[in-house]
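S.K.: please work out how this folds:
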Amino acid sequence: EGATYTTCDPKKEIWRLSADKMTLNNAKSEGTARDVTIRILGLPVFYFPYISFPIGDERKSGFLLPNLGTSDETGVEFSIPYYLNLAPNYDATITPRYMSRRGLLLNTEFRYLTQQSSGNLEMEYIPYDQAFGSDRSSLSFRHNGSITKRWRTDINLNYVSDQRFFEELGTNITVASITHLERRGDLYYTGNGWLGIGRLQTFQTLDPIPAARPYNRLPQLSFQTFLPQWNRKLNTEVKAELVRFDRDIAVVDGPIGNRMDFQPSLNFPWRTPGTFVVPKLSLRYTRYDLENVATDKKTTPDRLLFTFSTDSGLFFERELNVWNNDLIQTLEPRLFYRYTPYQDQTDIP
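M.R.: Numbers count the residues shown, from 1 in each chain. Okay, the predicted model is just below:
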């Protein structure tokens, strides 16, 4: 009785829970308290007639700290999250949010974690926005996981019902200033010394300016080698890409089309404990097949360029003793040179 509870360092206390009566059940890793005051930095911020809380590492379902605020867009608003500890590897948080100018919005977040994947699904829905005059919603889904040892996926999907959703209902300035929502699905394959990526990517544009519409990639296929680098031997690398750039030309006039990019390279590293020189020569060929271009523009522009570079450096070191501490001082001068010849590429979008 007349108890206080905190998990902070006694010398650096951030929060403290004070109660007329408190019961700590170590067997259940649960605490209960009546007539509770929560203090942050010594100041009382919340009062509850009754609460229960975890006292160990285990999570517990229950209400989290509420939020009270006001803004020009929402009026006075109040929200209180309810956390659901569904299983050790997935949980959910349901947050009713009342706004005096707009009504009741429900936010639901679901998280999961398995041996091969992890993800997060978040949805918001308001049945009737009093200021907007209709229902509104948003959805965000992120997933990253492995299908097999070599196949991996990365998914990022986002949606809002209207362009001003985040501006009017967002909870911070970062969310309110979003202009594009990405919708992307990646499929990775890791081979022996190489990586292949297949990608589909579109955007939902919230910016009303038509020129702000970005290109979609439908699809993008890329290939890159990751071969071991042998010292004082000729090494090869290859990068390649095939991609389709598309967007609604009825909204934004301009070229659309395909791009093929191929870049092989050779290098011959020469390394010793005290020096290195790595000359490298690469060749890059890019070709476009374009549609919706002006009559005086090429529909199949291309470019062929080479790049030569040399990376070199020296390593000097010596032992020092500073205030009876044995140290090593290093000096590492480095010289890098790269050259690519100039070529007029104004005909390439």
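S.K.: distance between the ends of stretch 142-154?
M.R.: End-to-end distance for stretch 142-154, by C-alpha to C-alpha, to the nearest Å: 8 Å.
S.K.: got the contact list for that stretch?
M.R.: The contact list for stretch 142-154 (C-beta atoms under 8 Å, 6 or more residues apart in numbering) reads 114, 116-120, 155-157, 184-191. Glycine gets a C-beta too; all of them are placed from N, C-alpha and C.
S.K.: can you give me the buried ones in it?
M.R.: Within stretch 142-154, the residues that count as buried by 16 or more other C-beta atoms under 10 Å are 143, 145, 152.
S.K.: output those as CSV; include the columns distance to residue 130.
M.R.: Shown next, in CSV, are these (distance: C-beta to C-beta, whole Å):
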residue, distance to residue 130
143, 35
145, 41
152, 45
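S.K.: could you tell me which of these belong to strands?
M.R.: 143, 145, 152 (DSSP state E).
S.K.: show me what the second one bridges to in the sheet.
M.R.: Read it as residue 145. Counting by DSSP bridges, residue 145 forms beta bridges with residue 117, residue 153.
S.K.: on that earlier part again, just send the buried residues of stretch 142-154 back as TSV, with pLDDT and distance to residue 96 too.
M.R.: Conversion of the buried residues of stretch 142-154 to TSV gives the following (pLDDT from 0 to 100; distance: C-beta to C-beta, whole Å):
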residue	pLDDT	distance to residue 96
143	98	26
145	97	31
152	98	37
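S.K.: wait, which of the residues you listed is closest to residue 273?
M.R.: Checking the buried residues of stretch 142-154 against residue 273 by C-beta to C-beta gives residue 152 as the nearest, at 37.7 Å.
S.K.: how near is that closest one to residue 202?
M.R.: 21 Å (C-beta to C-beta, to the nearest Å).
S.K.: same deal with residue 141?
M.R.: From residue 141 across to residue 202, the span is 14 Å (C-beta to C-beta).
S.K.: what's the answer for residue 93, then?
M.R.: Per C-beta to C-beta, residue 93 is found 29 Å from residue 202.
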